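In: sequence isn't available, so here's the structure alone:
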DNA sequence: ACTATTTCCTGGATGC
DNA sequence: TGCATCCAGGAAATAG
(Lines give C-alpha, C1' and ligand atoms only; values in the text may rest on other atoms or scores of the structure.)
Protein backbone atom coordinates (compact mmCIF):
# COMPACT_ATOMS: atom_id res chain seq x y z
CA UNK A 1 0.00 0.00 0.00
CA UNK A 2 1.74 3.08 -1.16
CA UNK A 3 2.05 5.79 1.43
CA UNK A 4 4.46 8.70 1.44
CA UNK A 5 7.75 6.75 1.40
CA UNK A 6 6.59 4.40 -1.34
CA UNK A 7 5.24 7.23 -3.45
CA UNK A 8 8.43 9.20 -2.90
CA UNK A 9 10.49 6.22 -4.06
CA UNK A 10 8.39 5.77 -7.17
CA UNK A 11 8.39 9.46 -8.00
CA UNK A 12 12.16 9.72 -7.65
CA UNK A 13 12.70 6.78 -9.91
CA UNK A 14 10.35 8.11 -12.53
CA UNK A 15 11.94 11.52 -12.32
CA UNK A 16 15.26 9.90 -13.12
CA UNK A 17 14.04 7.62 -15.86
CA UNK A 18 11.14 9.37 -17.53
CA UNK A 19 11.99 13.05 -17.42
CA UNK A 20 12.56 14.45 -20.87
CA UNK A 21 10.56 11.80 -22.63
CA UNK A 22 7.57 12.82 -24.70
CA UNK A 23 4.15 11.24 -24.45
CA UNK A 24 3.17 10.41 -28.00
CA UNK A 25 -0.13 8.73 -27.45
CA UNK A 26 -2.33 7.50 -24.68
CA UNK A 27 -4.60 4.53 -24.27
CA UNK A 28 -7.10 4.56 -21.46
CA UNK A 29 -9.29 1.71 -20.32
CA UNK A 30 -12.96 2.25 -19.88
CA UNK A 31 -15.79 1.69 -17.54
CA UNK A 32 -15.61 2.56 -13.93
CA UNK A 33 -12.67 4.49 -15.19
CA UNK A 34 -10.29 5.36 -12.40
CA UNK A 35 -10.31 8.91 -13.59
CA UNK A 36 -11.11 12.17 -11.93
CA UNK A 37 -10.77 14.08 -15.15
CA UNK A 38 -12.54 12.77 -18.23
CA UNK A 39 -10.67 10.41 -20.51
CA UNK A 40 -10.77 12.92 -23.30
CA UNK A 41 -9.34 15.65 -21.14
CA UNK A 42 -6.54 13.43 -19.88
CA UNK A 43 -5.62 12.27 -23.35
CA UNK A 44 -5.56 15.80 -24.65
CA UNK A 45 -3.35 17.09 -21.91
CA UNK A 46 -0.94 14.16 -22.03
CA UNK A 47 -0.57 13.62 -25.74
CA UNK A 48 2.24 15.63 -27.19
CA UNK A 49 3.51 16.73 -23.80
CA UNK A 50 7.06 16.39 -22.59
CA UNK A 51 7.65 15.14 -19.07
CA UNK A 52 9.45 17.98 -17.36
CA UNK A 53 9.84 16.23 -14.04
CA UNK A 54 8.17 13.89 -11.59
CA UNK A 55 7.64 14.56 -7.90
CA UNK A 56 5.56 13.59 -4.94
CA UNK A 57 2.90 15.69 -3.25
CA UNK A 58 1.38 13.85 -0.30
CA UNK A 59 0.48 10.47 -1.74
CA UNK A 60 0.11 11.89 -5.22
CA UNK A 61 2.61 11.55 -8.02
CA UNK A 62 2.78 14.74 -10.03
CA UNK A 63 4.14 14.79 -13.57
CA UNK A 64 5.00 18.32 -14.65
CA UNK A 65 4.26 18.54 -18.33
CA UNK A 66 5.64 20.88 -20.91
CA UNK A 67 4.08 21.45 -24.25
CA UNK A 68 5.48 22.72 -27.46
CA UNK A 69 2.68 24.79 -28.96
CA UNK A 70 3.90 24.24 -32.50
CA UNK A 71 4.46 20.54 -32.61
CA UNK A 72 1.00 19.30 -31.86
CA UNK A 73 0.59 15.56 -31.94
CA UNK A 74 -1.28 14.75 -35.12
CA UNK A 75 -4.67 13.18 -34.95
CA UNK A 76 -3.36 10.00 -36.47
CA UNK A 77 -1.37 9.34 -33.35
CA UNK A 78 -4.58 9.08 -31.45
CA UNK A 79 -6.62 7.11 -33.88
CA UNK A 80 -4.14 4.37 -34.51
CA UNK A 81 -4.45 1.42 -32.27
CA UNK A 82 -1.13 -0.21 -31.67
CA UNK A 83 -2.12 -2.72 -29.05
CA UNK A 84 0.71 -5.17 -28.63
CA UNK A 85 -0.19 -8.81 -28.52
CA UNK A 86 -0.58 -9.79 -24.94
CA UNK A 87 -0.84 -12.97 -23.04
CA UNK A 88 -4.28 -13.53 -21.67
CA UNK A 89 -5.88 -11.02 -23.96
CA UNK A 90 -8.94 -13.17 -24.46
CA UNK A 91 -9.73 -12.74 -20.83
CA UNK A 92 -9.68 -8.99 -21.11
CA UNK A 93 -12.95 -7.32 -21.93
CA UNK A 94 -13.26 -6.63 -25.62
CA UNK A 95 -14.11 -3.00 -25.06
CA UNK A 96 -10.75 -2.29 -23.55
CA UNK A 97 -8.76 -2.81 -26.71
CA UNK A 98 -11.06 -0.64 -28.73
CA UNK A 99 -11.09 2.29 -26.45
CA UNK A 100 -9.34 5.23 -27.86
CA UNK A 101 -10.08 8.12 -25.56
CA UNK A 102 -11.51 10.29 -28.28
CA UNK A 103 -14.20 7.82 -29.15
CA UNK A 104 -15.33 6.81 -25.70
CA UNK A 105 -19.05 7.30 -25.35
CA UNK A 106 -18.84 9.46 -22.32
CA UNK A 107 -16.12 11.60 -23.79
CA UNK A 108 -18.01 12.15 -27.00
CA UNK A 109 -20.95 13.34 -25.03
CA UNK A 110 -18.83 15.91 -23.30
CA UNK A 111 -17.43 17.04 -26.59
CA UNK A 112 -20.94 17.53 -27.87
CA UNK A 113 -21.71 19.67 -24.90
CA UNK A 114 -18.85 21.95 -25.72
CA UNK A 115 -16.40 23.43 -23.29
CA UNK A 116 -13.75 20.96 -24.30
CA UNK A 117 -12.50 23.10 -27.10
CA UNK A 118 -11.55 25.96 -24.87
CA UNK A 119 -10.02 23.55 -22.43
CA UNK A 120 -7.95 22.20 -25.25
CA UNK A 121 -6.69 25.63 -26.11
CA UNK A 122 -5.72 26.25 -22.52
CA UNK A 123 -3.78 23.01 -22.36
CA UNK A 124 -1.83 24.00 -25.40
CA UNK A 125 -0.34 27.10 -23.95
CA UNK A 126 -0.08 26.57 -20.23
CA UNK A 127 1.93 24.22 -18.16
CA UNK A 128 -0.10 21.28 -17.10
CA UNK A 129 0.25 18.31 -14.83
CA UNK A 130 -0.66 14.68 -14.72
CA UNK A 131 -1.67 13.58 -11.25
CA UNK A 132 -1.58 9.92 -10.26
CA UNK A 133 -2.88 8.54 -7.00
CA UNK A 134 -2.03 4.88 -6.58
CA UNK A 135 -4.73 4.08 -4.06
CA UNK A 136 -4.14 0.68 -2.54
CA UNK A 137 -2.75 -1.41 -5.34
CA UNK A 138 -1.89 1.04 -8.08
CA UNK A 139 1.40 0.71 -9.90
CA UNK A 140 3.18 2.74 -12.53
CA UNK A 141 5.47 0.59 -14.57
CA UNK A 142 7.99 1.68 -17.13
CA UNK A 143 8.38 -1.06 -19.68
CA UNK A 144 9.13 -2.00 -23.24
CA UNK A 145 6.29 -2.30 -25.74
CA UNK A 146 6.78 -6.04 -25.91
CA UNK A 147 6.32 -6.62 -22.21
CA UNK A 148 3.21 -8.49 -21.24
CA UNK A 149 0.32 -6.19 -20.46
CA UNK A 150 -0.85 -7.16 -17.02
CA UNK A 151 -4.45 -7.70 -16.14
CA UNK A 152 -6.01 -4.52 -14.72
CA UNK A 153 -3.92 -2.22 -16.86
CA UNK A 154 -5.98 0.96 -17.10
CA UNK A 155 -3.67 3.31 -18.93
CA UNK A 156 -0.76 3.03 -21.32
CA UNK A 157 1.33 6.00 -22.39
CA UNK A 158 3.45 5.48 -25.48
CA UNK A 159 6.67 7.41 -25.09
CA UNK A 160 8.91 8.83 -27.79
CA UNK A 161 11.77 6.71 -26.49
CA UNK A 162 9.83 3.64 -27.47
CA UNK A 163 9.01 2.71 -23.91
CA UNK A 164 5.59 2.60 -22.31
CA UNK A 165 4.45 3.97 -19.01
CA UNK A 166 1.58 1.88 -17.72
CA UNK A 167 -0.87 2.31 -14.89
CA UNK A 168 -1.99 -0.97 -13.38
CA UNK A 169 -4.44 -1.15 -10.50
CA UNK A 170 -6.35 -4.33 -9.63
CA UNK A 171 -8.38 -2.84 -6.84
CA UNK A 172 -9.21 0.33 -8.69
CA UNK A 173 -8.73 2.68 -5.78
CA UNK A 174 -6.19 4.67 -7.73
CA UNK A 175 -7.12 7.83 -9.61
CA UNK A 176 -5.76 9.69 -12.60
CA UNK A 177 -6.38 13.33 -13.33
CA UNK A 178 -4.87 16.32 -15.06
CA UNK A 179 -4.61 20.01 -14.33
CA UNK A 180 -4.34 22.71 -16.91
CA UNK A 181 -4.10 26.28 -15.75
CA UNK A 182 -3.86 25.85 -12.04
CA UNK A 183 -1.10 23.96 -10.35
CA UNK A 184 -2.16 20.88 -8.46
CA UNK A 185 -3.04 21.73 -4.92
CA UNK A 186 -3.18 19.30 -2.06
CA UNK A 187 -4.55 19.99 1.37
CA UNK A 188 -2.49 19.53 4.47
CA UNK A 189 1.16 19.95 5.33
CA UNK A 190 4.02 17.87 4.07
CA UNK A 191 5.06 15.83 7.13
CA UNK A 192 8.73 16.12 6.30
CA UNK A 193 8.58 19.89 5.94
CA UNK A 194 6.11 21.02 8.57
CA UNK A 195 7.47 22.87 11.57
CA UNK A 196 6.77 21.92 15.16
CA UNK A 197 4.41 24.74 16.03
CA UNK A 198 2.29 24.21 12.95
CA UNK A 199 2.25 20.48 13.57
CA UNK A 200 1.11 20.99 17.14
CA UNK A 201 -1.70 23.30 16.18
CA UNK A 202 -3.14 20.71 13.83
CA UNK A 203 -4.35 18.65 16.75
CA UNK A 204 -5.72 21.40 18.95
CA UNK A 205 -9.28 20.79 20.05
CA UNK A 206 -9.71 17.66 18.02
CA UNK A 207 -11.83 15.10 19.72
CA UNK A 208 -10.90 12.39 17.26
CA UNK A 209 -8.41 9.60 18.00
CA UNK A 210 -4.87 10.68 17.21
CA UNK A 211 -4.65 7.78 14.77
CA UNK A 212 -7.54 9.21 12.76
CA UNK A 213 -6.00 12.67 12.84
CA UNK A 214 -2.72 11.31 11.49
CA UNK A 215 -4.57 9.65 8.65
CA UNK A 216 -6.50 12.80 7.83
CA UNK A 217 -4.88 14.08 4.66
CA UNK A 218 -6.28 17.55 5.23
CA UNK A 219 -4.00 17.88 8.23
CA UNK A 220 -0.88 16.02 7.18
CA UNK A 221 -0.60 14.63 3.69
CA UNK A 222 1.08 11.35 3.03
CA UNK A 223 0.81 9.45 6.30
CA UNK A 224 -1.10 6.19 5.92
CA UNK A 225 -1.96 3.29 8.14
CA UNK A 226 1.47 1.73 8.45
CA UNK A 227 3.40 4.88 9.23
CA UNK A 228 0.73 6.19 11.57
CA UNK A 229 1.04 3.07 13.70
CA UNK A 230 4.82 3.09 13.57
CA UNK A 231 5.00 6.77 14.48
CA UNK A 232 2.64 6.39 17.40
CA UNK A 233 4.64 3.48 18.74
CA UNK A 234 7.86 5.43 18.62
CA UNK A 235 6.19 8.37 20.29
CA UNK A 236 4.66 6.19 23.01
CA UNK A 237 1.11 7.28 22.27
CA UNK A 238 -1.86 4.93 22.02
CA UNK A 239 -3.73 5.25 18.75
CA UNK A 240 -7.07 5.79 20.49
CA UNK A 241 -5.89 8.77 22.49
CA UNK A 242 -7.97 11.83 21.67
CA UNK A 243 -5.81 14.28 19.75
CA UNK A 244 -6.76 17.15 22.04
CA UNK A 245 -5.63 15.27 25.13
CA UNK A 246 -2.06 14.86 24.04
CA UNK A 247 0.48 17.01 25.83
CA UNK A 248 2.87 19.37 24.13
CA UNK A 249 5.78 17.16 25.02
CA UNK A 250 4.10 14.10 23.55
CA UNK A 251 3.21 16.03 20.42
CA UNK A 252 6.83 17.01 20.10
CA UNK A 253 7.83 13.37 20.27
CA UNK A 254 5.18 12.48 17.73
CA UNK A 255 6.41 15.25 15.46
CA UNK A 256 9.91 13.81 15.57
CA UNK A 257 8.71 10.22 15.25
CA UNK A 258 6.69 10.90 12.14
CA UNK A 259 9.68 12.47 10.42
CA UNK A 260 12.05 9.79 11.60
CA UNK A 261 9.86 6.92 10.46
CA UNK A 262 9.19 8.46 7.07
CA UNK A 263 12.83 9.27 6.48
CA UNK A 264 14.00 5.81 7.44
CA UNK A 265 11.37 4.26 5.20
CA UNK A 266 12.34 6.42 2.24
CA UNK A 267 15.97 5.42 2.75
CA UNK A 268 14.94 1.77 2.45
CA UNK A 269 12.73 2.27 -0.58
CA UNK A 270 9.46 1.98 1.32
CA UNK A 271 7.59 -1.03 2.66
CA UNK A 272 6.71 -3.82 0.29
CA UNK A 273 3.52 -5.32 1.59
CA UNK A 274 1.15 -7.16 -0.67
CA UNK A 275 2.23 -6.07 -4.10
CA UNK A 276 4.05 -2.81 -3.84
CA UNK A 277 7.01 -2.40 -6.14
CA UNK A 278 8.42 0.74 -7.65
CA UNK A 279 8.52 1.63 -11.33
CA UNK A 280 11.28 -0.85 -12.04
CA UNK A 281 9.72 -3.65 -10.06
CA UNK A 282 12.08 -3.18 -7.13
CA UNK A 283 10.78 -3.94 -3.67
CA UNK A 284 11.38 -1.79 -0.65
CA UNK A 285 12.60 -3.28 2.59
CA UNK A 286 11.15 -1.12 5.34
CA UNK A 287 8.60 -3.84 6.11
CA UNK A 288 11.39 -5.57 8.02
CA UNK A 289 11.68 -2.51 10.24
CA UNK A 290 8.05 -2.46 11.30
CA UNK A 291 7.83 -2.54 15.05
CA UNK A 292 4.06 -2.87 15.45
CA UNK A 293 2.30 -2.90 12.09
CA UNK A 294 1.18 -6.41 11.20
CA UNK A 295 2.65 -7.85 14.40
CA UNK A 296 -0.49 -8.52 16.43
CA UNK A 297 0.20 -11.00 19.20
CA UNK A 298 3.94 -10.88 18.67
CA UNK A 299 6.14 -9.57 21.47
CA UNK A 300 6.89 -5.87 21.68
CA UNK A 301 10.48 -5.33 20.64
CA UNK A 302 10.99 -3.15 23.70
CA UNK A 303 9.12 -4.88 26.54
CA UNK A 304 8.02 -8.26 25.13
CA UNK A 305 4.36 -7.58 25.85
CA UNK A 306 2.18 -9.12 23.11
CA UNK A 307 1.09 -6.40 20.74
CA UNK A 308 -2.57 -5.47 20.45
CA UNK A 309 -4.63 -4.82 17.38
CA UNK A 310 -7.80 -2.75 17.43
CA UNK A 311 -9.90 -1.19 14.74
CA UNK A 312 -10.04 2.60 14.62
CA UNK A 313 -11.97 4.36 11.91
CA UNK A 314 -12.16 1.09 10.07
CA UNK A 315 -8.41 0.56 10.02
CA UNK A 316 -6.49 -1.99 11.97
CA UNK A 317 -4.26 -0.28 14.45
CA UNK A 318 -1.34 -1.96 16.18
CA UNK A 319 0.22 -0.91 19.45
CA UNK A 320 1.88 -1.99 22.66
CA UNK A 321 -0.35 -1.39 25.64
CA UNK A 322 2.62 -1.09 27.94
CA UNK A 323 4.86 1.18 25.90
CA UNK A 324 2.08 3.41 24.58
CA UNK A 325 -0.15 5.47 26.86
C1' DA B 1 -18.82 22.29 12.32
C1' DC B 2 -17.23 17.84 13.47
C1' DT B 3 -16.89 13.17 13.74
C1' DA B 4 -18.11 8.47 12.48
C1' DT B 5 -19.46 5.14 9.24
C1' DT B 6 -20.16 3.33 4.69
C1' DT B 7 -18.74 2.61 0.06
C1' DC B 8 -15.85 1.44 -3.71
C1' DC B 9 -12.88 -2.93 -5.57
C1' DT B 10 -10.38 -7.47 -6.24
C1' DG B 11 -7.00 -10.99 -4.90
C1' DG B 12 -5.54 -13.77 -1.48
C1' DA B 13 -6.38 -16.23 2.77
C1' DT B 14 -9.41 -18.87 5.44
C1' DG B 15 -13.05 -22.19 6.54
C1' DC B 16 -16.23 -25.91 5.85
C1' DT C 1 -11.13 -29.68 -4.53
C1' DG C 2 -14.28 -26.21 -4.63
C1' DC C 3 -17.06 -22.70 -3.19
C1' DA C 4 -18.46 -19.02 0.01
C1' DT C 5 -16.92 -15.59 3.15
C1' DC C 6 -13.89 -12.33 5.05
C1' DC C 7 -10.27 -9.01 4.99
C1' DA C 8 -7.04 -5.33 3.40
C1' DG C 9 -7.55 0.12 3.15
C1' DG C 10 -7.37 5.74 0.80
C1' DA C 11 -10.49 8.90 0.39
C1' DA C 12 -14.98 10.41 -1.14
C1' DA C 13 -19.69 10.16 0.12
C1' DT C 14 -23.07 9.72 3.42
C1' DA C 15 -24.92 9.59 8.05
C1' DG C 16 -25.16 10.97 12.66
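Out: Arrived safely, thanks for sending. Computed from a predicted structure; not experimentally measured.
In: just the mean pLDDT for stretch A:308-316, thanks.
Out: Average pLDDT, stretch A:308-316: 91.
In: likewise for stretch A:178-193?
Out: For stretch A:178-193, mean pLDDT is 88.
In: again, but for stretch A:12-26
Out: Stretch A:12-26 shows an average pLDDT of 94 in the prediction.
In: can you pull the buried residues of it?
Out: Neighbour counts over stretch A:12-26 (16 or more other CB atoms under 10 Å) mark A:12, A:13, A:14, A:15, A:17, A:18, A:21, A:22, A:23, A:24, A:25, A:26 as buried. To be clear about C-beta, it is placed using only N, CA and C from the backbone, and glycine gets the same treatment.
In: return the residues in contact with the fourth one.
Out: The contact partners of residue A:15, by CB atoms under 8 Å, 6 or more residues apart in numbering, come to A:53, A:54, A:55.
In: ok, stretch A:12-30 near DNA strand B or not?
Out: No: Stretch A:12-30 stays clear of DNA strand B (CB under 7 Å from any atom of the strand), getting no nearer than 11.1 Å.
In: returning to that earlier point: can I get the contacts of residue A:15 in CSV including secondary structure and distance to residue A:319?
Out: Shown next, in CSV, are the contacts of residue A:15 (DSSP: H, G, I helix; E, B strand; the rest coil; distance: CB to CB, whole Å):
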residue, secondary structure, distance to residue A:319
A:53, strand, 39
A:54, strand, 35
A:55, strand, 33
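In: counting neighbours, which of those residues comes out on top?
Out: In terms of neighbour count, residue A:54 stands highest of the contacts of residue A:15 at 23 neighbours, by other CB atoms under 10 Å.
In: tell me where chain A has strands.
Out: Using DSSP state E, the strands of chain A run over A:23-28, A:49-57, A:60-67, A:128-133, A:139-143, A:153-159, A:164-168, A:175-179, A:308-312, A:315-319.
In: residues from the stretch 151-300 of chain A in reach of DNA strand B?
Out: Within the stretch 151-300 of chain A, the residues that sit near DNA strand B (CB under 7 Å from any atom of the strand) are A:151, A:152, A:170, A:171, A:172, A:173, A:205, A:206, A:207, A:208, A:209, A:212.
In: in this structure the second one contacts residue A:168, no?
Out: Yes: distance between residue A:152 and residue A:168: 5.5 Å, which falls inside the contact criterion (CB atoms under 8 Å).
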